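have a look; sequence and predicted model below, questions after that.
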Amino acid sequence: MDNELPVIDESVIEKPRELTKKDLKKEFKHLGGALLFNLVLQVFVAGLLSVVILAIAKSYGFYHVNYNLMLMVTLVFTLLCADTIPFFICAHRLKIKLRTYLVKPAISGAEMVRWFLIIIGIVAVYNLLSTALINTFPNIEFQQTGLEGFSATDWITLLMSYIAIAVIAPIFEEIAFRGLCLHVFGKYGTRFAIIASSMLFALLHGNVIQSLFAFGLGILLALLTLKAKSILPAIFVHFANNSIALIPVEWFVFLLFGIFILGGLFCYFSHRDIFKLDETVPNHRFCWDALMATPSILMVVIIYTLMIIFTTVMWFM
């Protein structure tokens, strides 16, 4: 009898507690707060620098100020503040070390090339379709309200625009959306994480043409990040995409687009399982309800949806 195991009363064993909608909202509110803070900082920093520029123009004469350069300086500083501070604070509150996203990719160089050609090939198709749309409706001004709608004439301004669009934006947007958002959302479902992070990424572009494109691009970059287990490949592809947006549309650009499209088609049909993930987490039953019931997330969705509607209406006026 001495060798028998003791009888354990199962009623006193603490069982794992099932996650509730309230649990999910605790983490989601930090992301929503970061996105709201990002918007506030954009308005505040841009407004503050605009006042400084007007003061300089008043002192030195309005005709002696390079407003294109000043605009790009404003955008660089706005991005540096708005795309870093809120998400660094969010990461601190969630006890996440951002450097864990910047590890060596878990995919080979050849696979990275395949991903690059497929995604940039899709980007090329989108650019050709949007160019055709603009040419088909010349009376409607499909002006882009984001950075990609800016064009510069002097090399200093071009350099500043390149830094803003092709360097700062890809790095910190990937940290925010394919880093923090995808990481936090991923615990509650892989499909949910991909779609939710891409949806927020799309909304923050502020107009319907860019938002539709950003949603599709966000899904592809999320898949790439999950496959590579690092945001470095997504940063590189994002950098390439934004760099292409700065190139004036000339004959050689169409030739380049053709190469990307053919290369992308070849890579996809020779590796049709490229988008298949090795491991996935099933969606938690509360994830979408919790996301849209989080006040800060809901405010972000409403504000940017109204912005997209407003810019769309303005195109037809």
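Structure's in. What do you need?

switch to C-alpha atoms for all contacts and neighbour counts from now on
Will do.

let me see the ranges of the helices in the chain.
21-60, 67-82, 85-93, 109-136, 155-162, 169-174, 182-186, 190-203, 208-228, 232-245, 251-270, 287-292, 295-315 (DSSP state H).

out of those, the one nearest residue 101 is which?
With C-alpha to C-alpha as the criterion, residue 101 lies closest to helix 232-245 of those, at 7.8 Å.

mind listing residues that contact that closest one?
Applying C-alpha atoms under 8 Å, 6 or more residues apart in numbering, the external contacts of helix 232-245 come out as 101-105, 112, 116, 119-120, 123, 148, 162, 165-167, 170-171, 174, 178, 221-222, 224-225.

next, the angle from that helix to helix 251-270.
Relative orientation of helix 232-245 versus helix 251-270 (axes from the mean of the first three to the mean of the last three C-alpha atoms, to 10 degrees): 150 degrees.

which parts of helix 232-245 are buried?
232-245 (16 or more other C-alpha atoms under 10 Å).

excluding chain neighbours, what is closest to residue 226?
Once flanking residues are discounted, residue 226 sits nearest to residue 277: 7.5 Å by C-alpha to C-alpha, 6 or more residues apart in numbering.

contact partners for that neighbour?
Neighbouring residues of residue 277 by C-alpha under 8 Å, 6+ apart: 223, 226, 227.

least trustworthy helix or strand in this protein by mean pLDDT?
Lowest by mean pLDDT, DSSP states H and E among the helices and strands of the chain is helix 155-162, with a mean of 80.

what count of nearby residues applies to residue 73?
Using other C-alpha atoms under 10 Å, residue 73 is surrounded by 19 other residues.

relative to residue 164, how far out is it?
9 Å (C-alpha to C-alpha, to the nearest Å).

now residue 109
Where residue 164 is concerned, residue 109 sits at a distance of 27 Å (C-alpha to C-alpha).

quick one: which of these two has more around it?
Neighbour comparison, residue 109 and residue 164: the larger count goes to residue 164, with 23 against 10 (by other C-alpha under 10 Å).
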